[in-house]
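Visitor: I need the structure of the sequence given here:
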Amino acid sequence: MKTHSIPIAVTMGEPGGIGGEISLKAWLRRHELKLPPFFLIDDPDRLNNISSRLNWDIPIKSIRKANDALALSVSALPVFPIKLKAKDIPGQARTENAPAVLESIRCAVNFVQKNEASAIVTNPIQKKTLYDIGFEYPGHTEFLANLAQITKPPIMMLACNSLRVVPVTIHQALAEAIRSLNQEKIITAAEQTILSLRQDFAIKRPHLMVAGLNPHAGENGSMGREEIDIIDPAIKHLKRAGYSITGPAPADTLFHDRARENYDAAICMYHDQALIPLKTVDFRSGVNITLGLPFIRTSPDHGTALELAGTGAADESSFVAALKAAATIIANRKLSKN
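Guide: Numbers count the residues shown, from 1 in each chain. You can find the predicted model right below:
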């Protein structure tokens with residue numbers, strides 16, 4: 001296993017979901033998969049219960065500071081303890097435990113801000129349960145932006161081995177997403193994507209492909225004018241700035257094997273335009289990477305899967321990919337500074 005000087009912090013996620021199980025599964029395979037050292041911010045009793053219930057016999061040790069995880073992670077799963085208010089029940093999202101879920105995320109941000117953790121991997125949350133206690137953010141990404149005290153909204157990249165996609169609009173109803181689309185959002189998403197491709201993926205001259213919004217990319221305005229009035233002017237602005245970028249292209253032609261060879265990332269206009277092809281190409285190992293934060297954050301590209309919780313059947317592939325993506329970004333950023 002490669003030597004790492006600072007561990008990765010992993011958040012609890014929804015206690016009734018599969019976050020604990022996939023984290024434990026990944027730790028069991030840490031040597032086989034050559035995973036970077038990581039620690040959980042979670043309730044040790046909950047994790048012990050999962051381990052016992054599924055007969056995994058995983059040694060779980062509480063830590064007082066993040067750096068303790070480096071030595072411990074070889075022989076035990078390090079956990080920075082946060083107590084749940086109510087007993088976790090697999091498959092049930094309990095409102096009483098929502099404050100602990102949020103506290104786990106806050107702790108992770110505190111660790112990376114103090115340089116005590118090298119990155120954050122977030123386990124999936126159950127948003128409805130958080131909304132019930134007054135959570136006012138559409139999701140993880142926006143909450144992390146608030147904790148990081150950044151003014152520009154962060155950008156969401158979804159990535160697998162053969163595709164990277166970035167939606168310009170994220171957690172909005174489709175009609176609202178279309179109404180809110182503007183040149184500034186497209187330019188911001190493209191510029192942040194190019195920066196990430198350079199520093200996080202070590203691509204010296206990245207090329208972007210921009211998807212149209214309408215069928216056939218509007219077909220010269222006959223099926224909508226967003227390509228003419230919004231998307232194409234944004235692309236021309238980016239070209240004048242010296243970026244390598246193509247589009248707007250019909251979205252239904254962008255994601256087959258040969259098309260994907262011609263760009264490093266696709267800029268998509270709305271959530272499902274980006275996520276459907278990514279999950280079709282690689283449902284098991286997709287990773288969510290947040291761009292524009294002052295720290296590294298990745299996450300599995302799936303939800304809490306309450307229906308699988310407690311069965312031991314949850315697939316840890318996306319969580320493993322998120323850990324590996326975080327480690328790759330850490331390494332590439334170090335190289336870019338040298």
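
Visitor: Model confidence score at the nearest residue to Thr188 once chain neighbours are set aside, please.
Guide: Among residues not flanking Thr188 along the chain, Lys152 sits closest, at 6.8 Å (C-beta to C-beta, 6 or more residues apart in numbering). Backbone N, C-alpha and C define where each C-beta goes, glycine included. Per-residue pLDDT puts Lys152 at 84.

Visitor: Need the three-state assignment for Lys152.
Guide: Under DSSP: H, G, I helix; E, B strand; the rest coil, Lys152 falls in the coil class.

Visitor: Does it touch Pro294 like I think?
Guide: No - Lys152 lies out of contact with Pro294 (C-beta atoms under 8 Å); the separation is 11.3 Å.

Visitor: Just name whatever secondary elements the worst-scoring helix or strand of the chain on mean pLDDT is in contact with.
Guide: Within the chain, confidence by mean pLDDT, DSSP states H and E is lowest for helix 68-72 among all helices and strands, at a mean of 89. Applying 3 or more C-beta pairs under 8 Å, 6 or more residues apart in numbering; DSSP states H and E, one finds that helix 68-72 contacts strand 38-42, strand 77-81.

Visitor: ok, and the closest non-adjacent residue to Asp42?
Guide: Nearest to Asp42 is Met12, by C-beta to C-beta, 6+ apart, at 4.4 Å.

Visitor: I should have written Pro294 there, sorry.
Guide: Ala148 (5.5 Å).

Visitor: That neighbour and Ile296 touch, don't they?
Guide: No - assessed by C-beta under 8 Å, Ala148 is found out of contact with Ile296, at 11.6 Å.

Visitor: so which helix or strand takes in the spatially closest residue to Gly212 that is not a sequence neighbour?
Guide: Of all residues not flanking Gly212 in the chain, Pro248 sits nearest, at 3.8 Å (C-beta to C-beta, 6+ apart). Following DSSP states H and E, one finds Pro248 within strand 244-249.

Visitor: The stretch 101-250 of the chain: helices as residue ranges?
Guide: If DSSP state H, counting those that start in this stretch is used as the criterion, the helices of the stretch 101-250 of the chain fall at 127-131, 140-148, 174-180, 183-199, 226, 232-240.

Visitor: Compare those helices and report which one is nearest to Tyr270.
Guide: Tyr270 lies closest, by C-beta to C-beta, to one member of those: helix 174-180, at 4.5 Å.

Visitor: And the average pLDDT for the closest one is what?
Guide: 96.

Visitor: do stretch 291-301 as well
Guide: Stretch 291-301 comes out at a mean pLDDT of 95.

Visitor: ok, the residue located most distally from the centre of the chain to Ala202 distance?
Guide: In the chain, the residue that sits farthest from the middle, by C-alpha atoms, centre = their mean, is Ser222; the gap is 36.7 Å. As judged by C-beta to C-beta, to the nearest Å, Ser222 and Ala202 stand 42 Å apart.

Visitor: and if you look at Leu323?
Guide: 19 Å.

Visitor: How about Pro124?
Guide: Pro124 is 29 Å from Ala202, by C-beta to C-beta.

Visitor: Val168 too?
Guide: Distance from Val168 to Ala202, counting by C-beta to C-beta: 25 Å.

Visitor: Going by the annotation, which residue ranges form each domain of the chain?
Guide: Under the assignment automatic domain parsing, the domains of the chain span 1-154+294-338, 162-281.

Visitor: for Leu306, helix, strand, or coil?
Guide: In three-state terms, and counting by three-state DSSP, Leu306 is coil.

Visitor: go on, the one 3 residues further on?
Guide: In the three-state summary, Ala309 is assigned as coil, counting by three-state DSSP.

Visitor: what residues are up against it?
Guide: Ala309 is in contact with 16-18, 21, 90-91, counting by C-beta atoms under 8 Å, 6 or more residues apart in numbering.

Visitor: Please identify which of those is nearest to Asp132.
Guide: Gly16 (13.5 Å).

Visitor: I figured Arg225 was touching Leu213, is that so?
Guide: No - the criterion here is C-beta under 8 Å, and Arg225 misses it with Leu213 at 9.8 Å.

Visitor: These two: who's more crowded?
Guide: Leu213 (23 against 14; other C-beta atoms under 10 Å).

Visitor: Show the contacting residues for the more buried one.
Guide: Counting by C-beta under 8 Å, 6+ apart, Leu213 has contacts 178, 181, 224, 226-227, 231, 248, 269-270.

Visitor: closest to Val287 out of the domains of the chain?
Guide: domain 1-154+294-338 (4.7 Å).

Visitor: how far does the closest one sit from the chain's center?
Guide: 12 Å (C-alpha atoms, centre = their mean, to the nearest Å).

Visitor: what does stretch 204-223 give?
Guide: The answer for stretch 204-223 is 25 Å, by C-alpha atoms, centre = their mean.

Visitor: if we can go back for a sec, buried ones in the strand holding Pro248?
Guide: For strand 244-249, a neighbour-count test (16 or more other C-beta atoms under 10 Å) marks 245, 247-249 as buried.

Visitor: Can you list the strands that that strand pairs with?
Guide: strand 207-211 (parallel) (DSSP bridges).
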